[in-house]
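Colleague: pasting the sequence and the predicted model now:
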Amino acid sequence: MWRSMMCFILLWMVSVRCVLADDSAHDVMRNTWRVALIDRFYPSVNHTTDNSSHHRVLHGLLDLDNDELPEPYYHGDLVQMIASDPRLIFIQYPIFDNRPPLKEILSRLVQIRGSLARFPIDALLLSWESSTLVSAFEKPLKPENVKLYKSLVREWGEADSIWYATSQIILQLEWLSQQGVAVFTIAGNGGSGMVNTFSFAEGVTTVGASEPELRHFVANNAFVDLKAPAAYQPRRMDSRDGIAMGYDINGDNCIDIPLNQLSSFDAFEHRSFSSRPWPILKGSSFAAPAALKAHLLGGTVTECL
């Protein structure tokens, strides 16, 4: 009985974490879209890892108040912020922290596939990579030879569990695309000599950086389909009275991170908050959500929530 209960709890924690999930609203309002997001979110769903300061230092990406403790937002939270819009319903598929990420991604894709008939999605956002040198295939890469590249990845998978997971992820992404799901992934951040092998999945949109100054950081090859902004400068948002209210992350003039979510909020009376904190967010992980948002919404904007 106890074992069954624990299994149930585990499945519940790993399964869908919906920000908004109103089936009737989706059926009535066809100007909303369901977006599945596989990533690492705060707080962790891992039973064996707590969400201590050490965990946040390890996985947090932003320290807006400069207190050397990242804010409680992980990679997936920030990816979602870039794409955020009232018309997008995000369905979070968290990955565990103490397991190989690619195996976790594959597990979540299998989960999405198994529940697609009951829980349909319009899009999938995968801001992760499984990259290797372009020269491992041929230089330059040629899209017409993609089947050869995929066969090489499959061969590597016969001797390596990580490449096996990569090969299976490619198959799952292709299957979802064939079902009409808009699948977006990233070019990768290894520079011009690298390729994210997820981009070999046919029907998948691969997104690189539109900023020329990131050309030595974000990959750019024949499998990059689109380019979008990949660098984001957090900006402090103030009230009309000049009182700091929070930070805008994606440049839409809306507060994405309220001041009371900062790690130093309890002592904020004695602190000043930078109008433009450093370092900024950058990478193709943040270009993909921007491109997906533009694809689904056509560049239209709405008011802040």
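Modeller: Yep, it's here. Residues are numbered from 1 along each chain as shown.
Colleague: surely residue 38 and residue 111 touch.
Modeller: No - Residue 38 is not in contact with residue 111 according to C-beta atoms under 8 Å; the separation is 9.4 Å. For the C-beta atoms, the positions are set from N, CA and C on the backbone; glycine is no exception.
Colleague: joint contacts of the two?
Modeller: Residues touching both residue 38 and residue 111 (C-beta atoms under 8 Å, 6 or more residues apart in numbering) are residue 93.
Colleague: so these two - more neighbours on which side?
Modeller: residue 38 (26 against 18; other C-beta atoms under 10 Å).
Colleague: pLDDT score assigned to that one?
Modeller: Residue 38 carries a pLDDT score of 98 in this model.
Colleague: assumed it was part of a helix.
Modeller: No - Residue 38: not assigned to a helix; according to DSSP: H, G, I helix; E, B strand; the rest coil it is strand.
Colleague: who's in contact with it?
Modeller: 76, 93, 95, 105, 108, 109, 112, 124, 125, 126, 128.
Colleague: touching, the fifth one and residue 93? I think so.
Modeller: To tie it back to what came earlier, the one meant is residue 108. Yes - with contact defined as C-beta under 8 Å, residue 108 and residue 93 form a contacting pair (4.2 Å).
Colleague: list the contacts of residue 100.
Modeller: 161, 162, 165.
Colleague: give me the nearest residue to the last one, chain neighbours excluded.
Modeller: Which is residue 165. Closest residue to residue 165 apart from its sequence neighbours, by C-beta to C-beta, 6 or more residues apart in numbering: residue 102 at 4.1 Å.
Colleague: that neighbour contacts residue 168, doesn't it?
Modeller: No - using C-beta under 8 Å, residue 102 makes no contact with residue 168, being 9.1 Å away.
Colleague: and for residue 84, the neighbour number?
Modeller: Residue 84 has 19 nearby residues by other C-beta under 10 Å.
Colleague: for it, give me the pLDDT.
Modeller: pLDDT at residue 84 comes out at 94.
Colleague: so what's the backbone phi/psi at it?
Modeller: phi -60, psi 140 (degrees, to the nearest 10).
Colleague: any stretches of the stretch 201-305 of the chain with poor pLDDT?
Modeller: 265-271, 300-303, 305 (pLDDT under 70).
Colleague: actually the stretch 1-150 of the chain, not the one I typed
Modeller: The stretch 1-150 of the chain contains residues with pLDDT under 70 at 1-30, 47-51.
Colleague: quick one: the helices in it?
Modeller: 2-14, 23-28, 53-59, 75-83, 101-115, 146-157 (DSSP state H, counting those that start in this stretch).
Colleague: just give me the longest helix of this protein.
Modeller: In the chain, taking DSSP state H as the definition, the longest helix is helix 161-178.
Colleague: number of nearby residues for residue 83?
Modeller: 25.
Colleague: now it: how far from residue 54?
Modeller: Distance of residue 83 to residue 54, given as C-beta to C-beta, to the nearest Å: 29 Å.
Colleague: ok, residue 290 next?
Modeller: 31 Å.
Colleague: equivalent analysis for residue 85, please.
Modeller: Per C-beta to C-beta, residue 85 is found 34 Å from residue 54.
Colleague: which of those two has more neighbours?
Modeller: residue 85 (20 against 10).
Colleague: just to revisit the earlier point, filter the contacts of residue 38 to the buried ones?
Modeller: Buried subset of the contacts of residue 38 (neighbour count, 16 or more other C-beta atoms under 10 Å): 76, 93, 95, 105, 108, 109, 112, 124, 125, 126, 128.
Colleague: ok, for residue 282, nearest residue in space, not its chain neighbours?
Modeller: Excluding the flanking residues, the one nearest residue 282 by C-beta to C-beta, 6+ apart is residue 231, at 4.3 Å.
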